[in-house]
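Participant: Dropping a prediction and its sequence here:
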Amino acid sequence: MILLSGEKTSLPEAEARAIVKTYDEEAELSLLEPRIVRAETEANPDIIARRIAFAKRVGTLIPDGLLDRETRREVERASYRLRHFTLGESRADRSSVETEILNQLHGRVDLEEPAYELSLIEGRRKGRTYLLLSKPGIMNQGWAGRRPRSRAFFHPSAIFPKLSRALVNIAGVKEGETLLDPFAGTGSILLEASIVGALSVGVDVSSKMARGALANARKYRQPWLGMIRADSMSVPLRSVDAIATDVPYGRASSRMGEELVVILDGLLRAGANLLRRGRVAVVMHPRSSRVNPGDTFRVEGEHHLYVHRNLTRTITVLRRL
């Protein structure tokens with residue numbers, strides 16, 4: 001089960017579904033209620049937890065709130081804590097519910113750095129509660145240490161690590177597969193792709209950006225395939241497994257002055273020659289612009305992120321036909 005973060009956008013659910021499907025195409029997913037995704041899958045929840053950006057908890061759903069003997073022993077041999085999440089108005093008597101859960105367990109309670117966490121989640125629907133067993137330490141992603149201002153090279157066009165990671169996850173790239181960012185900029189997306197085990201390769205027309213992106217890779221000791229200083233419309237590569245990018249726009253863009261529609265059309269033409277059939281390209285762009293999939297792509301989803309009064313970002317997900 002995945003407890004999504006509370007942003008008012010479809011992005012968290014899309015990211016959760018994409019990660020699970022990346023590791024198990026036959027997985028069956030359902031939205032039990034807002035912010036709660038259930039996945040019947042063979043995928044390892046620990047892998048999902050290590051990768052996901054827009055989620056509070058990922059773990060195993062405990063049926064009827066009762067731990068089986070094997071799970072109980074495993075938790076008791078380590079350390080644990082109990083957390084209580086309320087998605088709607090609080091209704092349950094917390095003390096009695098928590099006491100009932102804790103009465104199942106003995107062993108050491110650790111409120112700071114437990115090996116396991118039992119998350120009691122009160123849903124929005126009356127009488128709906130869920131008990132989730134997770135490993136909270138896995139989800140400590142260190143976002144703050146990779147925020148744009150903390151990197152070796154900064155540029156105002158850089159996007160934050162959580163959003164970059166979500167784009168990588170929606171692109172469906174696995175460990176050892178190649179992800180291309182044809183408008184790499186400072187390397188925000190490439191950095192998150194390499195952290196989850198993908199092979200990152202970036203392209204940018206600006207030599208300053210290419211050097212800066214490599215400096216960021218070195219700071220975080222991430223082995224990229226490399227940065228190519230080239231026109232993104234003519235990338236010197238044969239094929240890639242995934243594409244994720246934030247197209248340049250505005251005064252801070254390295255392609256300032258070029259019409260956005262020209263950039264988007266050129267990106268998809270180049271992507272059609274590079275991206276393997278059946279794989280995904282994730283393109284972030286201003287909502288005011290449109291992505292024309294043509295005959296080689298199919299739009300599988302669009303997700304909107306409000307930035308400020310004059311800008312809403314759209315994340316368009318395209319499948320190569």
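Facilitator: Right, received. Where do you want to start?
Participant: make it CA atoms for all contacts and neighbour counts henceforth
Facilitator: Noted.
Participant: Any stretches of the stretch 1-150 of the chain with poor pLDDT?
Facilitator: 90-96 (pLDDT under 70).
Participant: Which parts of it are strands?
Facilitator: 2-4, 28-33, 36-40, 55-61, 79-86, 108-109, 116-122, 129-134 (DSSP state E, counting those that start in this stretch).
Participant: helices and strands around the next helix or strand after the last one, which ones?
Facilitator: So that's strand 129-134. Counting by DSSP states H and E, the next helix or strand C-terminal to strand 129-134 is helix 161-170. Using 3 or more CA pairs under 8 Å, 6 or more residues apart in numbering; DSSP states H and E, the elements in contact with helix 161-170 are helix 11-23, helix 188-195, strand 242-246.
Participant: Can you pull out the residues in contact with the shortest one?
Facilitator: Contacting residues not belonging to strand 242-246 are listed as 167-168, 171-173, 178-184, 189, 271, 275-276, 279-285 [CA atoms under 8 Å, 6 or more residues apart in numbering].
Participant: hang on, the earlier thing: tell me which of the strands of the stretch 1-150 of the chain sits nearest to Ala152.
Facilitator: strand 55-61 (27.9 Å; CA to CA).
Participant: just the angle between that closest one and strand 116-122, please?
Facilitator: 100 degrees (axes from the mean of the first three to the mean of the last three CA atoms, to 10 degrees).
Participant: mind listing what Ile48 touches?
Facilitator: Contacts of Ile48 by CA under 8 Å, 6+ apart are Ile19, Val20, Val58.
Participant: To what extent is the first one buried, counted in neighbours?
Facilitator: The number of residues packed around Ile19, counting by other CA atoms under 10 Å, is 25.
Participant: Correct me if wrong: it contacts Ile170.
Facilitator: Yes - if you go by CA atoms under 8 Å, Ile19 and Ile170 touch, sitting 6.8 Å apart.
Participant: What about the closest residue to Phe85 other than its chain neighbours, how many residues nearby?
Facilitator: Excluding the flanking residues, the one nearest Phe85 by CA to CA, 6 or more residues apart in numbering is Ile121, at 4.7 Å. Neighbour count for Ile121, taken as other CA under 10 Å: 18.
Participant: quick one: Ile121 and Gly88, what's the gap?
Facilitator: Separation of Ile121 from Gly88 (CA to CA, to the nearest Å): 10 Å.
Participant: Kindly report the same for Arg238.
Facilitator: 50 Å.
Participant: repeat for Ala210
Facilitator: Ala210 sits 47 Å away from Gly88, going by CA to CA.
Participant: between these two, which one's more packed in?
Facilitator: Higher neighbour count among Ala210 and Gly88: Ala210, with 22 against 11, using other CA under 10 Å.
Participant: got the CA coordinates for the one helix or strand the more buried one maps to in PDB?
Facilitator: If you go by DSSP H and E, Ala210 is part of helix 207-219. Extracted C-alpha coordinates of helix 207-219, given in PDB (Å, rounded to 0.1, in the frame of the first residue of the first chain):
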ATOM      1  CA  SER A 207      28.800  24.500 -23.000                       C
ATOM      2  CA  LYS A 208      28.400  26.300 -19.700                       C
ATOM      3  CA  MET A 209      25.400  24.200 -18.800                       C
ATOM      4  CA  ALA A 210      27.100  21.000 -19.900                       C
ATOM      5  CA  ARG A 211      30.200  21.700 -17.700                       C
ATOM      6  CA  GLY A 212      27.900  22.800 -14.800                       C
ATOM      7  CA  ALA A 213      25.900  19.600 -15.000                       C
ATOM      8  CA  LEU A 214      29.100  17.500 -14.900                       C
ATOM      9  CA  ALA A 215      30.200  19.400 -11.900                       C
ATOM     10  CA  ASN A 216      27.000  18.600 -10.100                       C
ATOM     11  CA  ALA A 217      27.400  14.900 -11.000                       C
ATOM     12  CA  ARG A 218      30.900  14.900  -9.500                       C
ATOM     13  CA  LYS A 219      29.800  16.600  -6.300                       C
END
